[in-house]
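Asker: Structure for the following, please:
(chains A and B)
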Amino acid sequence: KNEVEQSPQNLTAQEGEFITINCSYSVGISALHWLQQHPGGGIVSLFMLSSGKKKHGRLIATINIQEKHSSLHITASHPRDSAVYICAVRDPGGGADGLTFGKGTHLIIQP
Amino acid sequence: NAGVTQTPKFRVLKTGQSMTLLCAQDMNHEYMYWYRQDPGMGLRLIHYSVGEGTTAKGEVPDGYNVSRLKKQNFLLGLESAAPSQTSVYFCASRRFSGPQETQYFGPGTRLLVL
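Answerer: Okay, here's the model as predicted:
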């Protein structure tokens, strides 16, 4: 079973700062997902990666398959980015039993 | 489309009581999942289903039962609730198997067992 580690667990930053959240996993995967969970809210998918880099607005996600590592970056951070960011991986073969999740990174952006 | 919905949103139970959580999706997805989320831990899989009439155990199935009688619905039952089952429960679905498939989550059900 894959082990997914995220760092940092908690992060407080000022508005406008560049944010990096890291995710590492222990064994090979077929895909990696970044998810966002707002306080008291549901969970939404931000990115799905199997290689390289993806960008959506101010969010950038990268993955290094050889190093078993992914990063989520937020440029020009804003208080509305405050949320828990969760990394999740899907094992090779598709994984009918779903995703293996990290514990999440709790991000607070102060005005 | 409503996506994935969960009923109820919040519930308080006494130890030993039973209840059923309902998950419904209107995206014609084959795969459905029940997770629990506890402080300091990642989401953990309770049970899942790969199609109507099928169910399988996940990582933490003890104390829970599930049924998938209709493709759009996935029910999670607690026969005799225990305080250890206090948690936030999330349902999720995806179209079919494959690493590229996005998983869609419901809004969650907050359960407190006294």
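Asker: Touching, B:G51 and B:Q72? I think so.
Answerer: No. With contact defined as C-beta atoms under 8 Å, B:G51 does not reach B:Q72; the gap is 11.9 Å. From N, CA and C alone the C-beta is placed, and that goes for glycine too.
Asker: which parts of chain B sit against chain A?
Answerer: B:31, B:33, B:35, B:40-45, B:48, B:50, B:56, B:58, B:90, B:92, B:97-100, B:102-108 (C-beta under 8 Å from any C-beta of the partner chain).
Asker: Can you say which of the residues you listed are buried?
Answerer: Buried members of the residues of chain B next to chain A, scored by 16 or more other C-beta atoms under 10 Å in any protein chain shown, are B:31, B:33, B:35, B:42-45, B:48, B:50, B:58, B:90, B:92, B:99, B:103-106, B:108.
Asker: List the ones among those residues that fall in strands.
Answerer: Residues from these lying in strands, with DSSP state E as the criterion: B:Y31, B:Y33, B:Y35, B:R44, B:L45, B:Y48, B:F90, B:A92, B:Y104, B:F105.
Asker: Look up the closest residue to the first one, ignoring the ones flanking it.
Answerer: Leaving aside its chain neighbours, B:Y31 sits nearest to B:R94 (4.8 Å; criterion: C-beta to C-beta, 6 or more residues apart in numbering or on different chains).
Asker: How many residues are close by the one you found?
Answerer: Close neighbours of B:R94, defined as other C-beta atoms under 10 Å in any protein chain shown, add up to 20.
Asker: Wait, it touches B:Q100, no?
Answerer: No. The pair B:R94 / B:Q100 is not scored as a contact, 10.1 Å apart, by C-beta under 8 Å.
Asker: Against B:W34, how distant is the closest residue to A:G16 other than its chain neighbours?
Answerer: Spatial nearest neighbour of A:G16, chain neighbours left out: A:A76 (5.9 Å); criterion: C-beta to C-beta, 6+ apart. According to C-beta to C-beta, to the nearest Å, A:A76 stands 37 Å off from B:W34.
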